[in-house]
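Q: sequence unknown, structure follows:
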């Protein structure tokens, strides 16, 4: 019995391939086994490493300056950058952005990265620059809203002037706290009317998260 062991890289060479074919033809009545020894090349090893991070994550400069001393991992800084740029983003939108540089990132990865960020911030005594709340209309989906003060300025007073007088207090809570729901109104019908007025403002600053209205730019209270 003759055993032939050939690496995958060598089999790709025309001269080696032809030699193997001629040898097999000559061994007409000889029992033999042939195997290809697949050795992981450096190129494949690099590819596996690249699957963990592709390219250089575009980290927001304000995020870097504010939190690089508390967070050392580029992945976490990029995660915060994704939320900051979006203003408001659900879990699926966050994953879609994270996958561009971290192909293995999934919705399950969000729990790990937010947990690590929270621990780092707690150690430093720093408030999280975002809020996250479950979307009651979709299982497993969270809504992330950027809340870091002093990043984006919006004149909410101009917007407030377009809201009915009876809803001024609710609108102030919306832009101050960052969210409001039906529980903040005596009747569901009042909430629905308020929501219609907010939608009629025709801006990208507010979003219906399923459990209530969210102010996308909940950074500073500019009602005063």
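A: Received, thanks. This one's a predicted model, so the numbers in the text were calculated from it and none came from an experiment.

Q: didn't residue 105 look like it was pressed against residue 98?
A: Yes: with contact defined as C-beta atoms under 8 Å, residue 105 reaches residue 98; the gap is 4.1 Å. C-beta coordinates here come from the backbone N, C-alpha and C atoms, glycine included.

Q: tell me which element the residue nearest the centre of the chain falls in.
A: Geometric centre of the chain, nearest residue: residue 94, 2.6 Å, by C-alpha atoms, centre = their mean. Residue 94 is part of helix 91-98 when elements are defined by DSSP states H and E.

Q: What residues of that helix count as buried?
A: Residues of helix 91-98 classed as buried: 91, 93, 94, 95, 97, 98 (neighbour count, 16 or more other C-beta atoms under 10 Å).

Q: How about the contacts made by the residue nearest to the centre of the chain?
A: If you count contacts by C-beta atoms under 8 Å, 6 or more residues apart in numbering, residue 94 has them with 79, 82, 83, 86, 110, 144.

Q: Confirm that the last one sits in a strand.
A: Yes: with DSSP: H, G, I helix; E, B strand; the rest coil as the criterion, residue 144 is located in a strand.

Q: what does stretch 165-173 rub up against?
A: With contact meaning C-beta under 8 Å, 6+ apart, stretch 165-173 is reached by 159-160, 163, 180, 184-185, 190, 193-194, 197-198, 221, 223.

Q: Can you pick out the most distant pair from those residues?
A: Largest separation among the contacts of stretch 165-173 by C-beta to C-beta: 193 and 221, giving 23.5 Å.

Q: So what does the residue lying closest to residue 212 once chain neighbours are set aside look like in phi/psi?
A: Nearest non-adjacent residue to residue 212, counting by C-beta to C-beta, 6 or more residues apart in numbering: residue 181, 3.2 Å away. Backbone torsions of residue 181, given as degrees, to the nearest 10, read phi -140, psi -180.

Q: Surely residue 196 is in a helix?
A: Yes: counting by three-state DSSP, residue 196 is found in a helix.

Q: Secondary structure element holding residue 5?
A: Element membership for residue 5 (DSSP H and E) is strand 2-7.

Q: Helix or strand with the lowest mean pLDDT in the protein?
A: helix 42-50 (a mean of 45; mean pLDDT, DSSP states H and E).

Q: For this protein, which segments count as helices?
A: 8-11, 14-26, 42-50, 61-67, 74-86, 91-98, 107-124, 156-160, 168-177, 188-199 (DSSP state H).

Q: Least reliable of those helices by average pLDDT, please.
A: The stretch with the lowest mean pLDDT among the helices of the chain is helix 42-50, at a mean of 45.

Q: rewinding a little: quick check: PyMOL command selecting the buried ones in the contacts of stretch 165-173.
A: Of the contacts of stretch 165-173, the buried ones can be selected in PyMOL as follows, counting by 16+ other C-beta under 10 Å:
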select buried, resi 159+160+163+180+184+185+194+198
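
Q: Dump the contacts of stretch 165-173 into CSV; add distance to residue 65 as well.
A: Output for these, formatted as CSV (distance: C-beta to C-beta, whole Å):
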residue, distance to residue 65
159, 30
160, 32
163, 35
180, 32
184, 36
185, 40
190, 43
193, 43
194, 38
197, 38
198, 33
221, 24
223, 28
